[in-house]
Structures are given as structure tokens and as C-alpha cells.
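A.B. asks: need coordinates for the following:
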Amino acid sequence: MRGINIGKIAGFQISIDWSWLIIFFLVTYSLAVAYFPQVYPDLSSSTSWIMGVIAALLLFASVLAHELMHSVVARNNGIEIKGITLFIFGGMAQTKGEARTPKVEFWMAISGPLTSLAVAALFYAVTRASIAFELPTAVVAISGYLALINLILAIFNMVPGFPLDGGRVLRSGLWAWFDDLEKATRYASYTGQGFGYLLIAFGFVNLLAGFLIGGLWMIFIGWFLVSSARSSYEQVVLREALSGVEVERVMTTEVPTVEPQLAVDEFVSDYLLRHEYACYPVTEGNHVKGIVSIDEVRALPREKWASTTVGDIAEPVEEEARVSKNDDAWDALLKLATEDRRRLLVMDNGTLDGTVTQESILRLVRTKMRLGVA
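C.D. replies: Next comes the predicted model:
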């Protein structure tokens, strides 16, 4: 998931997806136009709007605290966290691994709702103190709203519908009971899909009753839960199928390369315009000097193509763009997906061994499934 980077908190990169701007506006609008004026009719329109913006920002800060606690617990248990993204449905920690035991899964899942409960209690205390000390109505209104909404978030997330936190708690229990992650995920996924379909049904009921926005929102959330539950189960199936499979088994050794002294205009005519590859490793012998793609060529003025070599414009191979042949194929698949790359270079000590793609990894998975081989 791509977004706008806004900084780091506790070592985690925080970003905002573009969809977050939509929900931020909707929350602010609903608070400023409906909620605050209805609960506190004496407020002016401008005050309601200012309160709406502040409350919306604090709401997403609360969501961020929820996700940060998930991430801290994961990191403390050896799971790498790439970052946290706020998006239209709240927040998501981008993990590069999964819990290895039911106990870790349980604490990772429960930490988020417990944090939301703690935040709700904090804002409730602020509300009571604000009333006792007769602070401005705006302080009471905002803190009261945040206490309520964080309580609702904690309760909603504890619904046993995977991949909600409650569904993950359920999966941890089933995992401990069956001692089988795939089976536990399958049953937890059923509950998630069931809860999603229930929300969709209630959404249609709301539409028929004339509540257009609320009905559409419930349908949207329900659809998201159904698709997320399915994809989460499919991910576990993939991980099980790739268990113990090294990159060497799924990589391609026939890799088209170019030499660093090749002129850019020849590279364009002989490679980019003749083959489907968008980028090529630049090698001397079998040693990788860098990688060159259409992007580097486009950045170079056309009149310099004949006098410039691909070695001059080649970019260093980033850590995120390479793997070792002894690495786990599942980790390579995660890297391909999270980095949104078409292929990774398989390298050891600067030497090119081959390339690996999502297609080559998934081809092995499909073959194993057709053969019924675990």
C-alpha cells in the first residue's frame, strides 16, 4: 500500500494513503454539520467546524496508537514491520512476517483493542475533569466524542470476524486447539466472511429504509471484510505451500543482461524495443554493476544516447530488489508484493545467479496443489 510519508514514530515509518483524505473529510463533515450541532446546539458553525477538524485528527491519532501497539508487540516478537499506513478503513501495519506461535498471535491481536480501551478511558477521564473544572464546551464535546468512538472501535475490533483483531484472537485459540494454522485460519476466515455478509445484508436493509450513506458504508465495510478474510486465508495457504522451498527452486537462470560499455541508443534499439523486459542487469562477466531500465533512459536527453553508456546511467541494485538463492521463496514473494516489483535479482556476493518473479513462484504453488502435494 503506497502513501504519503509523514515521518517516523518509535522507529516505524508512518504514511497516509490517499483514501484517508476521503474519510478524513467525511468524518470532519459529519461531526461539524451533524454530530456537534445536534448534541450541542448553542455552538456556532465556525466553532463546530474547528471542533470537527480537531476531533477527526485526534480520532486518527487514536487509530495510529492502536496500530502502533500491534507493531510494537510484533517487533518485540521478532516480526519485522515495514511501516504503518492510515487509509480509508483506519490503519494497517505492514508486516514482513507472521506470528510463529498461537501465543504471539494472541498478544499481537489483543494489544490493539486494549490500547483503544485505554485511550477511551483516558478521554473519559478528560471529559469528567473538564466538566468538574467547567472547561469550555468544546473540550468536553471533543473528549466525550473520542471516549465514545474509541470504545466503539475496541468493541467492533473484538468481533470474532477474521481479519479483525477479534478474529485473530479466535484464530490463535483455534490454532492452539488444532495445532494447525491452515485449519485455524480457514475456520476463522469463515467467521470473517459471515460477519461481512451480515454487514452487507444490514446495509441493504438501511438502503431500503432510506438511509443511503449509512447503508452504502455498511455494504462497503462488509465487502472489505469478506474479501480480506478470503485473501488472508489464501495467504496462509500460499505460505504453507511454500514452506521449506528455497528461491533456487523457483528462479530463472536465463537472464538477459547488458554490458556496461553498451551505448544507450544501442540498448534502446537492441533490447528495449525488441524484448518485453523493462529493466536489465548491467554485468561484467557475472558480476552485477547495477541495473538499467526505461526510467533511466527517459531521464537522459535524446541527443546524449549515442555518447552515453548504460554503465553511466545504471542504478545500484537496492537491497529490496535482490534475494539470495538460499532465501525462503515465501519471503521473496512477500518482497515482490510489498515492494510492487515484477522481479527480483538472485545474487550472492555481487554475482548474478538468476531472477525470480511472482509468476515463477505461483507456478510451483499451482503445480503442488494440482498434485495434492503439501
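A.B. asks: quick one: low-confidence residue ranges for this structure.
C.D. replies: Low-confidence segments of the chain, defined by pLDDT under 70, span residues 1-3, 88-90, 96-97, 338-340, 372-374.
A.B. asks: please parse it into its domains.
C.D. replies: 4-158, 247-371 (automatic domain parsing).
A.B. asks: to Gly215, which of those domains lies closest?
C.D. replies: Among those, domain 4-158 comes nearest to Gly215, with 14.8 Å by CB to CB. Every residue, glycine included, has its C-beta placed from N, CA and C.
A.B. asks: centre-most residue in this protein?
C.D. replies: Among the residues of the chain, the one closest to the centroid is Gln94, at 4.5 Å (CA atoms, centre = their mean).
A.B. asks: how many neighbours does the closest residue to Arg239 other than its chain neighbours have?
C.D. replies: Distances taken as CB to CB, 6 or more residues apart in numbering place Trp330 nearest to Arg239, at 5.3 Å, with adjacent residues excluded. For Trp330, the count of nearby residues is 21 (other CB atoms under 10 Å).
A.B. asks: and if you look at the one 3 residues further on?
C.D. replies: Neighbouring residues of Leu333 were enumerated by other CB under 10 Å; the total is 25.
A.B. asks: following the helix or strand encompassing it, which helix or strand comes up?
C.D. replies: Using DSSP states H and E, Leu333 sits in helix 329-338. Counting by DSSP H and E, the next helix or strand C-terminal to helix 329-338 is strand 343-348.
A.B. asks: which other residues reach that next one?
C.D. replies: With CB atoms under 8 Å, 6 or more residues apart in numbering as the test, strand 343-348 has contacts from 247-248, 251, 281, 288, 291, 317, 321-325, 332, 335-336, 352-357.
A.B. asks: residue ranges for the helices of the stretch 1-150 of the chain, please.
C.D. replies: Remark: helices assigned in the stretch 1-150 of the chain by DSSP state H, counting those that start in this stretch are 18-30, 36-39, 45-76, 102-132, 137-157.
A.B. asks: how about the ones you listed in CSV, adding mean neighbour count?
C.D. replies: Shown next, in CSV, are these (neighbours: other CB atoms under 10 Å):
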stretch, mean neighbour count
helix 18-30, 15
helix 36-39, 16
helix 45-76, 19
helix 102-132, 18
helix 137-157, 19
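A.B. asks: mind putting those helices in CSV, distance to Leu242 included?
C.D. replies: Output for the helices of the stretch 1-150 of the chain, formatted as CSV (distance: least, CB to CB, whole Å):
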stretch, distance to Leu242
helix 18-30, 30
helix 36-39, 51
helix 45-76, 21
helix 102-132, 20
helix 137-157, 30
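A.B. asks: returning to that earlier point: out of the domains of the chain, nearest to Ser227?
C.D. replies: domain 4-158 (11.6 Å).
A.B. asks: if I look at the residue nearest to the centre of the chain, how far off is Gln13?
C.D. replies: 9 Å (CB to CB, to the nearest Å).
A.B. asks: what touches both of the two?
C.D. replies: Lys82, Gly83, Ile84.
A.B. asks: residue contacts, the closest residue to the second one other than its chain neighbours?
C.D. replies: So the one you mean is Gly83. Leaving out its chain neighbours, the residue that sits closest to Gly83 by CB to CB, 6+ apart is Gln13, at 3.6 Å. The neighbours of Gln13, taking CB under 8 Å, 6+ apart as the test, are Asn5, Gly7, Lys82, Gly83, Ile84.
A.B. asks: the first one is in contact with Ile14, isn't it?
C.D. replies: Right, Asn5. Yes - here Asn5 reaches Ile14: they are 7.4 Å apart, a contact under CB atoms under 8 Å.
A.B. asks: of those two, which one has the most company?
C.D. replies: Ile14 (20 against 12).
A.B. asks: please name the bridge partners of that one.
C.D. replies: Gly7, Ile84 (DSSP bridges).
A.B. asks: check the gap between it and Ala74 for me.
C.D. replies: With distances taken as CB to CB, Ile14 is found 15 Å from Ala74.
A.B. asks: ok, the shared contacts of Gln94 and Gln13 vs Ala99, which is closest?
C.D. replies: Once CB to CB is applied, the member of those that ends up nearest Ala99 is Lys82, at 16.2 Å.
A.B. asks: once you drop chain neighbours, what's closest to that closest one?
C.D. replies: Closest to Lys82 by CB to CB, 6+ apart is Gln94, at 4.3 Å.
A.B. asks: can you pull out the strands in the stretch 251-374 of the chain?
C.D. replies: 279-284, 287-293, 322-323, 343-348, 351-357 (DSSP state E, counting those that start in this stretch).
A.B. asks: so who does Val264 touch?
C.D. replies: Counting by CB under 8 Å, 6+ apart, Val264 touches Val297, Leu300, Lys304, Trp305, Ala306, Thr308, Thr309, Val310, Ile313.
A.B. asks: let's see that with 6 Å instead.
C.D. replies: Trp305, Thr308 (CB atoms under 6 Å, 6 or more residues apart in numbering).
A.B. asks: list the buried residues of stretch 261-276.
C.D. replies: Leu262, Ala263, Val264, Phe267, Val268, Tyr271, Leu272 (16 or more other CB atoms under 10 Å).
A.B. asks: could you tell me the phi and psi values at the first one?
C.D. replies: Main-chain dihedrals, Leu262, degrees, to the nearest 10: phi -70, psi 130.
A.B. asks: need the contact list for it.
C.D. replies: By CB under 6 Å, 6+ apart, the residues touching Leu262 are Val310.
A.B. asks: now the buried members of the contacts of Gln13.
C.D. replies: Lys82, Gly83, Ile84.
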